[in-house]
Every structure is written in C-alpha cells, then in structure tokens.
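Trainee: Let me see the structure of the following:
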Amino acid sequence: MATITEAYVDSLAPNAGAIKNGRDLVKKNSFPLLNVTEDGTLLFGECKGSGKDPYHCSVDFANEANPVFRCTCPSRQFPCKHTLGLLYASALGKAFATADIPQEIADKRDKAVKREEKNKEAVAAESSEDAKPKRKVNKSALVKKTAIQLDGLGILEKLVLQLTHSGLGSVDKKTLQMVEEQAKQLGNHYIPGAQAGLREFVMTMQEDGDREAVYTAAMEQLLAMRALTKKGRAYLEQRAENPDHPKETESTLEELLGHAWQLAELREYGRVQSDVELLQLAFMCYADQARGEFADTGWWIDLREGVIRVTRHLRPFRAAKAMREEDTFQAVVKAEELFLYPGDLGARVRWESATFREPEAADYARVKSLAQTSYPEVIKQVKNAIKNPLANKNPVLLVAYRAVERIGDNYILRDAAGKQLPLEDFEENGRPTSSLLSLLGEDELHDQAALVMFKHNLDSNRLSVQIMSIVTDSRIVRLLY
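Mentor: A predicted model of the protein is given here:
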C-alpha cells in the first residue's frame, strides 16, 4: 500500500466540508479503536457517532488503485466523513494496532476477486478474434436521430446567415431574445455544440466595453457555428447513408454533435494507453455559463511522451451540490489505462484505476526536459491548430525559457535563441498572474519551464500567453488557480 498523505486523503473527499469534518473527528479523538492488518492493506476501526453505538468503518486497499470504503453510518456522502477520518488518522501519525482482517471483510474480498476474474474472462472473450462485435448499431434509431440533428443544423445555418447578412451593428435586445429562444429549441435537436455556441454569442453581444472587440469575438463565434453546420452536415449525411461507418475520432465533432463517449467505445477505437504516469501542472475551476456547468479542469504532463493532457470534471449547475468537486492534485498518478478522448491540442483524458506516489526531483527534471525550446516552432504549432474554426482557441503548452523579463509595464518570456513570447493576463481567466512574477526569486525567473495558455488577438493578428505555472528543479509554482 502506498504511503497515505494528507494531500492524498484531501483528493478523495467529495467537498471541502467533508475534509473539515474528517479532520475534526481526528482532532476530537473520535476513534476509540484504530486497527490495521499486518500487510497494511486494510484500515478499520470504530468512530463515535450520535447514538450510543459507534460506527464501524474501514478502507480496503486490496486493490490499491481503487480503495473500497465501508461504513455503517447512514450518510449518503461518499466517502463519508468517518472513512475519511480513518485515513486522516493514519496520515497524521495516529497509532494503529495490528489486527486480523474481520471475517466479514475477508468474505467481501473473496466475492470481489471472483467478480474481477469473471470480468477479465469476459474482456478476454470480447477481444478474441472469434468474438462478435461489441456493440450493434441501431440503424433505424440512428437514422431518426440524424434527421433531427440535420434539421437542427439547418435552423442554425439560417440563423447564422441572417445575423451575418444583417450585420452585428443591427443586433438589438429583441434580436438577442430571438437567438436565445432558438438556442432553447435546439436543445431538442441533439446538437449541444450549436446550443452552447448561440448562448455564447448572446453573452458576448451583451457585454459592455469596446464594441469593436465585442464584434470581433462575436464574429469568430459565428464563423465557428458556420463551420459546425458545414462539417456536421457532411458527416451526418455520411453516417446516415452508412450507419456502420466509423465514428469521427480525430476531432471533437462527435462531441459537438451530442455524442457522449463511453470508455468501452474509446477502447474499441484504440484510444487507450497502458501504465501512463501523469503529473498535474495546473488546475482551475470555472463556470461555463453557456453550457450551464462548472468545469473542474486539470492540465497534466505525460511523463513518458511529454504531451499535455487535460482532465475535465463537469458538474451541471443544477446538480453541482450533489457532485464531488475536483481540486489541485500534487502526487504523480500512474493510470493503468489512460483513455484519450478525440480532439486536438488539449484533448480530454480520463482514467478509472490508478496508483499514486509523491513526486521526486527526477520528475521535475523530466518535466523540464520535455518543455519545448523553440518559440518559432511553438507559434507555428499553435497557429496550425487554431486555424480550425472548431478547435480549442486557447491551447496550453509547456515551454522552456531562458528568462522572464520586464520591458516597460509588460513581461516577456525569452528562449535560448532570444525569441520572445509576450505575456498577458487574459480577462476571461479572471485571475492575473503577471503581478505575481515580482514575488518570485531570481532562480525561478531564469532557465526554467512554464505552462502557458495561448490566445490569438484577431485584430492585431498577435499571439500572447498567460503563465499558468512554473516548473523548477524542485517544485511546481502554480500562479493560475
């Protein structure tokens, strides 16, 4: 079993309240009994509750990547504060007596092993050459849904053309109300990308400030929706003619058209890697008003390939209180299987089972060695990516720098060849980072690596970056959070 740290326990908690409540149980000495098995794979004990009888709680690390939490309390929160408290007691160095595994838990382990064996046999049978296809396409349902989607794309196309021909200067409050109403109607057409695009357009046009900047952003959104109608129609028509045609796996088109990727599907399409080690370089939670959800977003580096991976935990506004909120993660994650969602720079990843370890000096050295060193090459890569109207307009990359320099009121990153990347604080991120640079030491401003987010200013045709984190030989300095 890996060493249990406070940071690791924090990462398991569903929310900040659970963290506080779990820690408070330890502070109040609410555990009259703390036990651990000789092999260290099971923590179990008793915790004082509101009644006369204590709660029996345990955390089972028989499968280290997926610990099992058990408690006799009635809480619907998972993990509950009692099992979290049990882990905090271990992390904080409380004394645990060595004891035999309770028979009840031993029986449950045996059942779990048998279930796992059956699952492995099923997976092996599915992957054999003689196995039948894993999933059948309901062709009639697909054709019906495709017809509804094509109808929705037709509505979107007419609206975009109307707005473009009329001119953004003619868009008034009544027009925006009409666009909002159309966005609601598109909710019945299985194209969430179109619905979100229209809502973003409305919110952009409602912004105060420089109208030229507002019009530029709004026109870019119209261009993206126009691209979605063209590419979406061609793809859907092809799928309607041939329902067995493979899904699009090189872009986010399927997702924009409403497809929710299942892990089994990603495995079928070969979008999975084994035993990948990841280290989180930055984390930020933001509210996506257009989609009506919170996005807990982490940017990670693949320590083997050097690629920036992104995790995105989505919590709809109406269900956010009932869902676990993700947070900054400090440990190195070793994912047994890393599932790769379709997309361009910054495509989403996910894992189901993983183990953790504390980062070492060699990890930070590895991260720095993976940083891109040539700014002209980086700029070329970003420009090629954002040329696609449906691409992520704010790609994130890891770059090396010789120095962070201040020129007048602004900062720049300079590479080993003397080339520059201008630094800027992006208003949409809501958090400035340039002002924090003056707080860093001289060693952190020279010969390090920075995780940066790119932005293209259409009016000036200029790329700028915002520093999210700095990676040194001994730590990660998170500036954007």
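Trainee: Low-confidence ranges, the stretch 101-250 of the chain, go.
Mentor: Applying pLDDT under 70 to the stretch 101-250 of the chain flags residues 119-137.
Trainee: all helices in the stretch 251-400 of the chain, in order from the N-terminus.
Mentor: 253-256, 263-268, 361-370, 375-386 (DSSP state H, counting those that start in this stretch).
Trainee: To residue 436, which of those helices lies closest?
Mentor: Proximity to residue 436 (C-beta to C-beta) singles out helix 361-370 among the helices of the stretch 251-400 of the chain, at 19.8 Å. All C-beta spots, glycine's among them, are computed from the backbone N, C-alpha and C.
Trainee: Just the buried residues of the closest one, please?
Mentor: 363, 364, 366, 367, 368, 370 (16 or more other C-beta atoms under 10 Å).
Trainee: Next, count neighbours for residue 13.
Mentor: Residue 13 sits with 23 neighbouring residues when counted by other C-beta atoms under 10 Å.
Trainee: Just the element for residue 464, please.
Mentor: strand 462-471 (DSSP states H and E).
Trainee: returning to that earlier point: I'd like to know which of the buried residues of helix 361-370 is nearest to residue 148.
Mentor: Nearest to residue 148 among the buried residues of helix 361-370, with distances taken as C-beta to C-beta, is residue 370, at 44.8 Å.
Trainee: where's the spatially closest residue to that closest one that is not a sequence neighbour relative to residue 98, distance?
Mentor: Using C-beta to C-beta, 6 or more residues apart in numbering and skipping residues adjacent in sequence, the residue nearest residue 370 is residue 306, 3.5 Å away. Distance of residue 306 to residue 98, given as C-beta to C-beta, to the nearest Å: 44 Å.
Trainee: ok, the two, which is more surrounded?
Mentor: residue 306 (14 against 10).
Trainee: Got phi/psi on the more buried one?
Mentor: Residue 306 adopts backbone torsions of phi 80, psi 10, taken as degrees, to the nearest 10.
Trainee: Pull up the per-residue confidence for it.
Mentor: With respect to pLDDT, residue 306 scores 94.
Trainee: Kindly report the same for the one 10 residues further on.
Mentor: On the pLDDT scale, residue 316 is placed at 90.
Trainee: Spatially nearest residue to it (excluding sequence neighbours)?
Mentor: That would be residue 293: by C-beta to C-beta, 6+ apart, it lies 4.8 Å from residue 316.
Trainee: residues contacting that neighbour?
Mentor: 287, 314, 315, 316, 317, 320 (C-beta atoms under 8 Å, 6 or more residues apart in numbering).
Trainee: Repeat that for residue 192.
Mentor: 256, 258, 291.
Trainee: Among the residues you listed, which one has the most neighbours?
Mentor: Sorting the contacts of residue 192 by how many neighbours each has (other C-beta under 10 Å) puts residue 256 first, at 20 neighbours.
Trainee: OK, contacts around it?
Mentor: Here residue 256 is in contact with 191, 192, 193, 194, 228, 232, 390 (C-beta under 8 Å, 6+ apart).
Trainee: Of the residues you listed, which is the most crowded?
Mentor: In these, the most neighbours by other C-beta under 10 Å go to residue 194, 29 neighbours.
Trainee: Pretty sure that one sits against residue 228.
Mentor: Yes: contact criterion C-beta atoms under 8 Å: residue 194 and residue 228 qualify, at 6.1 Å.
Trainee: Quick one: end-to-end distance for stretch 165-178.
Mentor: 16 Å (C-alpha to C-alpha, to the nearest Å).
Trainee: Which of the residues in that stretch are classified as buried?
Mentor: The neighbour-count check on stretch 165-178 (16+ other C-beta under 10 Å) flags 168, 171, 175 as buried.
Trainee: and if you look at stretch 218-230?
Mentor: 218, 219, 221, 222, 224, 225, 226, 228, 229.
Trainee: Kindly reformat those residues as CSV containing distance to residue 302.
Mentor: Shown next, in CSV, are the buried residues of stretch 218-230 (distance: C-beta to C-beta, whole Å):
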residue, distance to residue 302
218, 36
219, 36
221, 32
222, 35
224, 28
225, 33
226, 34
228, 30
229, 35
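Trainee: Quickly name whichever of the residues you listed is closest to residue 329.
Mentor: For the buried residues of stretch 218-230, the residue nearest residue 329 by C-beta to C-beta is residue 224; the value is 31.6 Å.
Trainee: count of residues packed around residue 408?
Mentor: Residue 408, neighbours per other C-beta under 10 Å, totals 5.
Trainee: Hmm, I typed the wrong one, I wanted residue 89.
Mentor: Around residue 89 there are 25 residues (other C-beta under 10 Å).
Trainee: where does it land in three-state SS?
Mentor: At residue 89 the chain is in helix, as set by DSSP: H, G, I helix; E, B strand; the rest coil.
Trainee: On the pLDDT front, check the closest residue to it other than its chain neighbours for me.
Mentor: Nearest residue to residue 89, sequence neighbours excluded (C-beta to C-beta, 6+ apart): residue 26, at 5.0 Å. In this model, residue 26 is scored at 94, pLDDT.
Trainee: check which helix or strand covers residue 26.
Mentor: helix 16-27.
Trainee: For the helix or strand following that helix, name the packing helices and strands.
Mentor: Scanning forward in sequence from helix 16-27 by DSSP H and E, the next helix or strand is strand 33-36. Applying 3 or more C-beta pairs under 8 Å, 6 or more residues apart in numbering; DSSP states H and E, one finds that strand 33-36 contacts strand 42-47, helix 81-91, strand 97-98.
Trainee: To residue 265, which of these lies closest?
Mentor: Proximity to residue 265 (C-beta to C-beta) singles out helix 81-91 among those, at 32.9 Å.
Trainee: Lovely, talk soon.
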